[in-house]
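Q: any chance you could fold what I've pasted below:
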Amino acid sequence: MLTGLPCPGCGGLRAVSDLLHGDVLAALASNALAVVLVLGGASLWAVWTTAALRRRSMGLVEAVTDRRVAVGVVCLVAFTVLRWVPPTAAMLAP
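A: A predicted model of the protein is given here:
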């Protein structure tokens, strides 16, 4: 509200609500990044649960590397900037 520009999380709650109601297109219109994060988190949870039931270690702590953190930060910044740029703002605005 301070700058008038949408933050990366704007529309995230609407996106999750739309996903829970089965409306994927409306969720993508609300916040595409939130949809990707929710689907990725659900997939990771399913894999973790399967590994835990089979009594295997996934090694999640070892999987977090500096490079992966840097890629995540770059993606977040790129999504934020693309929400502000006029040609893509219409598609990514909440």
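Q: every contact and neighbour count from this point should use C-alpha atoms.
A: Noted.
Q: which residues of the protein fall in helices?
A: Assigned by DSSP state H, the helices in the chain fall at 12-20, 24-30, 32-53, 60-63, 66-84, 86-92.
Q: output the lowest mean pLDDT helix or strand found in the protein.
A: Using mean pLDDT, DSSP states H and E, the weakest-scoring helix or strand in the chain turns out to be helix 60-63, at a mean of 69.
Q: to Leu2, which of the helices of the chain lies closest?
A: helix 66-84 (14.4 Å; Cα to Cα).
Q: show me what the closest one is packed against.
A: Packing partners of helix 66-84 (3 or more Cα pairs under 8 Å, 6 or more residues apart in numbering; DSSP states H and E): helix 86-92.
Q: mean confidence (pLDDT) on the helix it packs on, please.
A: Computed over helix 86-92, the mean pLDDT rounds to 77.
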